[in-house]
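In: could you work out the structure for the sequence below:
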Amino acid sequence: MNPSSRIKPISYLKAHAAEIMRHLQDQAEPLVITQNGEAKAVMQSIESYEETQETMALLKILALGSRQIDEGKVQSATSAIARLRKNRISD
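Out: Take a look at the predicted model:
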């Protein structure tokens, strides 16, 4: 779909709210809302929003892991497994 067709003025949103909601449900693409010719908001379906949030959470976890590697805060899998087994046995 043409990206420019995903940009609508707020007046279009007001006049076609139900249609927009149906379209957002059917399409994974967000809709950019403009006011006075300037982009002001982005609308997306709840499913798309939740997927975006999950993706962001995974990216944050990866960034944290990468930072810990850079800082040397790592241990081998062998020593981690041994520590877990030791803790499990002592519990």
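
In: ok, the most centrally placed residue in the chain to Gln44 distance?
Out: Compute the mean C-alpha point of the chain, and by C-alpha atoms, centre = their mean the closest residue is Thr52, 2.1 Å away. Distance, Thr52 to Gln44, using C-beta to C-beta, to the nearest Å: 7 Å. Every residue, glycine included, has its C-beta placed from N, CA and C.

In: ok, Ile7 next?
Out: 14 Å.

In: now swap in Arg88 and tell me
Out: 44 Å.

In: who has more neighbours, those two?
Out: Neighbour tally, Arg88 and Gln44, criterion other C-beta atoms under 10 Å: the higher count belongs to Gln44, 16 against 8.

In: quick check, that one in contact with Pro30.
Out: Yes. Between Gln44 and Pro30 there is a contact under C-beta atoms under 8 Å: 4.1 Å.

In: related to what we said a few turns ago, helix or strand: which one has the residue nearest to the centre of the chain?
Out: helix 46-70 (DSSP states H and E).

In: mind listing what's buried along the helix or strand following that helix?
Out: Going down the chain from helix 46-70, the next helix or strand is helix 77-90, by DSSP H and E. By 16 or more other C-beta atoms under 10 Å, helix 77-90 has no buried positions at all.

In: just how off-centre is helix 77-90 within its chain?
Out: 34 Å (C-alpha atoms, centre = their mean, to the nearest Å).

In: which other helices and strands contact it?
Out: Packed against helix 77-90 by the contact rule (3 or more C-beta pairs under 8 Å, 6 or more residues apart in numbering; DSSP states H and E) you find no helix or strand.

In: and it, C-alpha only, in PDB?
Out: The C-alpha atoms that make up helix 77-90 are tabulated as PDB, following Å, rounded to 0.1, in the frame of the first residue of the first chain:
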ATOM      1  CA  ALA A  77      27.200 -22.200  30.600                       C
ATOM      2  CA  THR A  78      29.000 -25.000  32.300                       C
ATOM      3  CA  SER A  79      29.600 -23.000  35.500                       C
ATOM      4  CA  ALA A  80      26.000 -21.600  35.400                       C
ATOM      5  CA  ILE A  81      24.500 -25.100  35.100                       C
ATOM      6  CA  ALA A  82      26.800 -26.400  37.900                       C
ATOM      7  CA  ARG A  83      25.700 -23.500  40.200                       C
ATOM      8  CA  LEU A  84      22.000 -24.200  39.400                       C
ATOM      9  CA  ARG A  85      22.500 -27.900  40.100                       C
ATOM     10  CA  LYS A  86      24.200 -27.100  43.400                       C
ATOM     11  CA  ASN A  87      21.500 -24.800  44.500                       C
ATOM     12  CA  ARG A  88      18.800 -27.300  43.500                       C
ATOM     13  CA  ILE A  89      20.500 -30.100  45.500                       C
ATOM     14  CA  SER A  90      20.900 -27.900  48.600                       C
END
